[in-house]
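Visitor: What follows is a predicted protein model with its sequence.
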Amino acid sequence: METGERLRRTRSYYWGCIYASDEEEGDFDDLDGPGPIWTSHCWVTIRVRHARLVAEDEADVDLVVEVRQTAAADFAYQATIDLPSGVLSVGDADSDDTLRLAPGTWLMQVDLDSPDDATNVRIVLSPARPSNQEE
């Protein structure tokens, strides 16, 4: 498995959220959580600075996604995400990037500079359970 930083983006999020999901599983009707992170079995939504609510020159959000063999320490938020296709889509309704990972269940840890108005988002992914492992 390739580890290390896999994605770095700076851009605005017109919808105020970053979505991370399996590329082939697009249903987020059953999201749950107290915020600023909401999850389902194959979808994670992260609240970030809402580009429509601030000046254009203040709307950018820095996103870094890193893949590791083991979990990171001291992240405020975490969820597991099922990736049956092995392809993680990260972005929003306007634009997204994809990361190829091993199919299975992944631990997604999220660090935000602010739970209410995040402009710096760091995501660390580590294997929680490979797809061929019995439950």
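Guide: Received the coordinates, thanks. Fair warning: this is a prediction, and the values are worked out from it, not measured in the lab.

Visitor: Tell me which helix or strand the most centrally placed residue in the chain sits in.
Guide: Nearest to the mean C-alpha position of the chain, by Cα atoms, centre = their mean, lies Ala20 at 4.2 Å. Using DSSP states H and E, Ala20 maps to strand 17-22.

Visitor: what is the mean pLDDT for that strand?
Guide: Rounded to a whole number, the mean pLDDT of strand 17-22 is 95.

Visitor: Run through the neighbouring helices and strands of the helix or strand following that strand.
Guide: Later in the chain than strand 17-22, the nearest helix or strand by DSSP H and E is strand 37-40. If you count contacts as 3 or more Cβ pairs under 8 Å, 6 or more residues apart in numbering; DSSP states H and E, strand 37-40 packs onto strand 43-47, strand 77-83. C-beta: built from backbone N, CA, C; applies to glycine.

Visitor: So which of the ones you listed is the most surrounded?
Guide: The highest average neighbour count among the helices and strands packed on strand 37-40, using mean count of other Cβ atoms under 10 Å, belongs to strand 43-47 at a mean of 24.

Visitor: gap between that strand and the chain center?
Guide: Mean C-alpha position of strand 43-47 versus that of the full chain (Cα atoms, centre = their mean, to the nearest Å) differs by 6 Å.

Visitor: So what are the sheet partners of that strand and their directions?
Guide: strand 17-22 (antiparallel), strand 37-40 (antiparallel) (DSSP bridges).

Visitor: and for the longest one, what are the contacting residues?
Guide: Outside of strand 17-22, the residues that reach it under the criterion Cβ atoms under 8 Å, 6 or more residues apart in numbering are 28, 42-48, 61, 63, 81-85, 87-93, 96, 108, 121, 123.

Visitor: swap the cut-off to 6 Å and go again
Guide: Residues from elsewhere that reach strand 17-22 (Cβ atoms under 6 Å, 6 or more residues apart in numbering): Cys42, Trp43, Val44, Thr45, Ile46, Arg47, Val48, Leu83, Ser85, Ser89, Val90, Asp92.

Visitor: Nice, that's everything, thank you.
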